[in-house]
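Visitor: What follows is a predicted protein model with its sequence.
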Amino acid sequence: MIDLAFFLEIIPALLAGLPLTLQLAASSISIGFIMALLLALAQQGNHRFVVWPIRAFVAVFRGTPLLVQIFLIYYGLGQFRPTLQAIGLWWLFREPYWCAIIALSLNTAAYGSEILRGAIQGVPRGLVEAATASGMSRYLTLRLVVLPLALRQAIPSYSNEIILMVKGTSLASIITLVEVTGIAQGLISQTYRAVEVFVTAGAIYLTLNFTIISALNALEAWLTPYRARV
């Protein structure tokens, strides 16, 4: 039988971890997007010594689980504490919060760079040639023609990546961060009621992701009003 009183009791406790979940998601998505855009633009050239390292980075972070990446950054880099202290970076890698941000940002940057690279390459060549013929510099063509069109085209695919990152923040609980999933694990250890706790946590993630999807759909509709008329 469903115990509504228990659900009402644990909802506020789980919601207490929502701000940290949102912080992790917003920070990693923002940093990851900037990195992804820079990596995508860098791959538009033919410089092998630039393109190959980027592709290697993308292959590694897309080909390995996010859980492993978090472990390696938090626990693995801790083995190099003297070196990190010598270069002044130990303050960054000793904190689980920043390690989670780094891992999530690098992971979404790898996926996002491929999304943006495809979107940039998908901009019709004729538009670029027309902009060049009208006297636009390469920078103006990129800023006023290529990137606006590419970003609009990338919204549906990048929306999926954003949702994956929001769900990926749940893995931060394995390095002692007490976000929604971390609190859920603590409640389970106290109450031994895993089903109710995880159902409630899942409902919180579902509501959060539904809100994000609705906002992104509204953004896409606003940026591409011509599609709504088709």
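Guide: Okay, I see it.
Visitor: tell me which residues in the helix ranked longest in the chain are buried?
Guide: Longest helix of the chain, by residue count under DSSP state H: helix 194-223. Using 16 or more other CB atoms under 10 Å as the test for burial, helix 194-223 gives 196-197, 200-201, 204-205, 208, 212, 216. No exception for glycine: its C-beta is placed from N, CA and C like everyone else's.
Visitor: and if you look at stretch 132-147?
Guide: Neighbour counts over stretch 132-147 (16+ other CB under 10 Å) mark 136, 141-142, 145-147 as buried.
Visitor: Might you list the low-confidence residue ranges for this structure?
Guide: The chain contains residues with pLDDT under 70 at 1-2, 225-230.
Visitor: the helices in it, which residues?
Guide: Under DSSP H, the chain gives helices at 4-15, 18-42, 48-63, 66-71, 81-86, 90-93, 96-121, 125-133, 138-141, 147-168, 180-191, 194-223, 225-228.
Visitor: Return the most buried member of these.
Guide: Among the helices of the chain, judged by mean count of other CB atoms under 10 Å, the one packed with the most neighbours on average is helix 96-121 (a mean of 22).
Visitor: That one vs helix 147-168, what angle?
Guide: On the basis of axes from the mean of the first three to the mean of the last three CA atoms, to 10 degrees, helix 96-121 is oriented at 150 degrees to helix 147-168.
Visitor: Let me know the angle separating helix 96-121 from helix 48-63.
Guide: 120 degrees.
Visitor: Which strands and helices lie in contact with helix 96-121?
Guide: Using 3 or more CB pairs under 8 Å, 6 or more residues apart in numbering; DSSP states H and E as the contact test, the elements touching helix 96-121 are helix 18-42, helix 48-63, helix 66-71, helix 90-93, helix 147-168.
Visitor: For G78, find the nearest of these.
Guide: G78 lies closest to helix 90-93 among the helices and strands packed on helix 96-121, at 6.9 Å (CB to CB).
Visitor: what comes into contact with that closest one?
Guide: 73-74, 77-78, 81, 84, 98-99, 102 (CB atoms under 8 Å, 6 or more residues apart in numbering).
Visitor: Adding distance to E220, write the helices and strands packed on helix 96-121 out as JSON lines.
Guide: Shown next, in JSON lines, are the helices and strands packed on helix 96-121 (distance: least, CB to CB, whole Å):
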{"stretch": "helix 18-42", "distance to E220": "16"}
{"stretch": "helix 48-63", "distance to E220": "24"}
{"stretch": "helix 66-71", "distance to E220": "26"}
{"stretch": "helix 90-93", "distance to E220": "36"}
{"stretch": "helix 147-168", "distance to E220": "5"}
